[in-house]
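Q: no letters, just coordinates:
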Ligand SMILES: Nc1ccn([C@@H]2O[C@H](COP(=O)(O)OP(=O)(O)OP(=O)(O)O)[C@@H](O)[C@H]2O)c(=O)n1
Ligand SMILES: Nc1nc2c(ncn2[C@@H]2O[C@H](COP(=O)(O)OP(=O)(O)O)[C@@H](O)[C@H]2O)c(=O)[nH]1
């Protein structure tokens, strides 16, 4: 069962109207903790979509890539090991990322959450199964050329993970994070040489994960080249599972 989750009851499935005299049950939609995953290749907009979902629906956005990058600075053994993989655009071994993510999920037993970047392999998906029953998996299908263009124009604020794109969502001042005023950087693994390898590896590892979630009937795929066009569909899907705290239009 999910940490803090309500087990088998699925949100949005409470369709029978009770007789007038019966006590009114707390709707599953309000009481069940949502466990969702966003899948997609590097540059597909997972972080962008997750941020929007997190803000509109009051979910915790948990980015495995961001947790990994934060672990690098800690001086620990796991961080040192992970650094060698990240620099080369390779996936860190399943047991390393799984241990990290399980610890983070354990801290958030009582919150709705949305995973970004985890699980990336079948091994990771099985580890997640061991602690949690997922409600929803969103898959973003974006053409390869679009991914390459986006990643080469991506700038990030390392401390927060906030992402910018010189065309799509540029910072107010070039090269500077809007909230902190700190410098933005380009990730080493967003260099064109690393990107092609990352995309290939993503495809190989993600295929069985998607098949697993498809076979369970929880996979929802969205295709396109623009996040703003995909977003209304994602918003509608989420709204069927959890009440929004902000309206859709406010990006
Ligand atoms: N489950 C995961 C998640 C991330 N990573 C490592 O962390 C890096 C950065 O992860 P993330 O921020 O999720 O980036 P990507 O998905 O690679 O790229 P993007 O943010 O562009 O999606 C990955 O390239 C990979 O080296 C990993 O090994 N295993
Ligand atoms: N041009 C363009 N850039 C986008 C769009 N959606 C997201 N981006 C940018 O593309 C880059 C990758 O998006 P991100 O959310 O980091 O994707 P992730 O790698 O899947 O987490 C970032 O620089 C985003 O600002 C879009 O519709 N058009």
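A: Perfect, I can see it now. Please read all numbers here as calculations on a predicted model, not as lab measurements. Ligands and ions are numbered 1, 2, ... in the order given.

Q: how far does stretch 86-99 stretch from start to finish?
A: End-to-end distance of stretch 86-99 (C-alpha to C-alpha, to the nearest Å): 17 Å.

Q: next one: stretch 63-78
A: So stretch 63-78: terminal residues 17 Å apart, C-alpha to C-alpha.

Q: flag the shaky bits of this structure, pLDDT-wise.
A: The chain contains residues with pLDDT under 70 at 1-31, 75, 89, 248-251.

Q: close to ligand 1: what parts of this structure are there?
A: 42-43, 46-47, 64-65, 68, 85-86, 89-92, 97, 117-118, 120, 189, 198 (C-beta under 6 Å from any ligand atom). Where you see a C-beta, it was placed from the backbone N, CA and C, and this is true even at glycine.

Q: and ligand 2, which of the residues you listed reach it?
A: Restricting those to those within reach of ligand 2 (C-beta under 6 Å from any ligand atom) leaves 42, 43, 46, 47.

Q: residue of the stretch 101-250 of the chain nearest ligand 1, please.
A: Per C-beta to the nearest ligand atom, residue 117 is where the stretch 101-250 of the chain lies closest to ligand 1, at 3.1 Å.

Q: return the subset of the residues of the chain next to ligand 1 lying in helices.
A: Counting by DSSP state H, these place 46, 47, 64, 65, 68, 85, 86, 97, 198 in helices.

Q: which one (most neighbours) among the residues you listed?
A: Highest neighbour count within those, by other C-beta atoms under 10 Å: residue 97, with 27 neighbours.

Q: how about the contacts made by the residue nearest to that one when sequence neighbours are not counted?
A: Nearest residue to residue 97, sequence neighbours excluded (C-beta to C-beta, 6 or more residues apart in numbering): residue 64, at 6.1 Å. By C-beta atoms under 8 Å, 6 or more residues apart in numbering, the residues touching residue 64 are 97, 100, 101, 115, 116, 117, 118, 120.

Q: could you work out the most separated pair of these?
A: The span of the contacts of residue 64, defined through C-beta to C-beta, is set by 100 and 116 at 13.8 Å.
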